[in-house]
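Student: The amino acid sequence is not available; the structure is as follows:
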DNA sequence: TTCTTAATTGCAAATCGTTTGCATTTACAA
DNA sequence: TTGTAAATGCAAACGATTTGCAATTAAGAA
């Protein structure tokens, strides 16, 4: 957390009330959250949706937040963990929308081959798994 | 194509002018298309955006069309090929949104392991690659 | 062919998620 | 303490998608 505010200060961004609160919410919920979920989790709801979006945009460009799109169109935001670059995937329950973080990743050799074969540069991927979680299997 | 109209008739859906035209467009462009791109490709522009969306919804529930979400929020629609179930992935240019269809898929053994490890059933995945296409590399 | 009816369409208005303009407030360095 | 750029709230703007409704049309029945 404190390194987050340090990071902000270093880029001459201000540590404001709303912004600090948003960071706490993200830190307390290690899952991708929609803008509305973030707003709802904020203490006295004393922060505008526009501010949530502006914060997400700022934090995303600073590499401190990642944006995901699951089955519905809505964007979801998740804090990038300590040290790592935040690249990981999710297993989402199609019934209850429960999310599990997944360690496995798409094999790098295959991705390299795909990039090379098609002449694309800086190739990355987005990968999500969908299924029915243990609870929802009845 | 003809099996598509047969399929529609069998479910007592009508083969109307707009609908037939939309199917032709999808057939002629084996890429995921946005609603606007479909509309723009229609002959005399004699079809409403709402009709495009309603058609996509119908065809999707009939399993004749698949819906994708790439980096931008916009939905893109693609006709499911003959016989196959339409499962495949895409390599998308982050600059011009050009799309290449990808034959490679996420290794099934790893997916099985993920499903088992987490107790999920009927696990599938969505996988998209992003990068800069040859043209956009200057 | 004509009739009947449910399916489909166009149009406009409504909705949803997200962004932006602007005047006001605020963090923080000098 | 003060000056200034950054950040905020609010409302309006936006783009994608959906929906209500009255008018149109495909396709089977008569």
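Tutor: Now that the structure is in, tell me what you want to look at. Since the structure is predicted, the reported quantities are computational estimates derived from the model, not experimental observations. Residues are numbered from 1 along each chain as shown, chains lettered A, B, ... in the order given.
Student: Show me which residues of chain A are close to DNA strand C?
Tutor: A:9, A:14-17, A:34-36, A:49-50, A:53-54, A:56-57, A:73-75 (CB under 7 Å from any atom of the strand). For every residue, glycine as well, the C-beta is placed using N, CA and C.
Student: Please convert the buried members of those residues into PyMOL selection syntax.
Tutor: Here is the PyMOL command that selects the buried residues among the residues of chain A next to DNA strand C (16 or more other CB atoms under 10 Å in any protein chain shown):
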select buried, chain A and resi 34+35+56+75
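Student: from the residues of chain A next to DNA strand C, which ones fall inside helices?
Tutor: A:9, A:17, A:35, A:36, A:49, A:50, A:53, A:54, A:56, A:57 (DSSP state H).
Student: Now for those residues: which two are most distant?
Tutor: A:9 and A:36 (28.8 Å; CB to CB).
Student: May I see the buried residues of the helix or strand bottoming out on mean pLDDT in chain A?
Tutor: Taking mean pLDDT, DSSP states H and E as the measure, helix A:2-10 is the helix or strand of chain A with the lowest mean score, a mean of 86. Buried residues in helix A:2-10, counted by 16+ other CB under 10 Å: A:4, A:8.
Student: give me the number of residues near the nearest residue to residue A:103 once chain neighbours are set aside?
Tutor: Nearest residue to residue A:103, sequence neighbours excluded (CB to CB, 6 or more residues apart in numbering or on different chains): residue A:88, at 7.0 Å. Neighbourhood size, residue A:88 [other CB atoms under 10 Å in any protein chain shown]: 16.
Student: State the distance from the residue lying farthest from the centre of chain A to chain B.
Tutor: Most distant residue from the mean C-alpha position of chain A: residue A:117, 30.2 Å away (CA atoms, centre = their mean). Residue A:117 sits 9 Å away from chain B, going by CB to the nearest CB, to the nearest Å.
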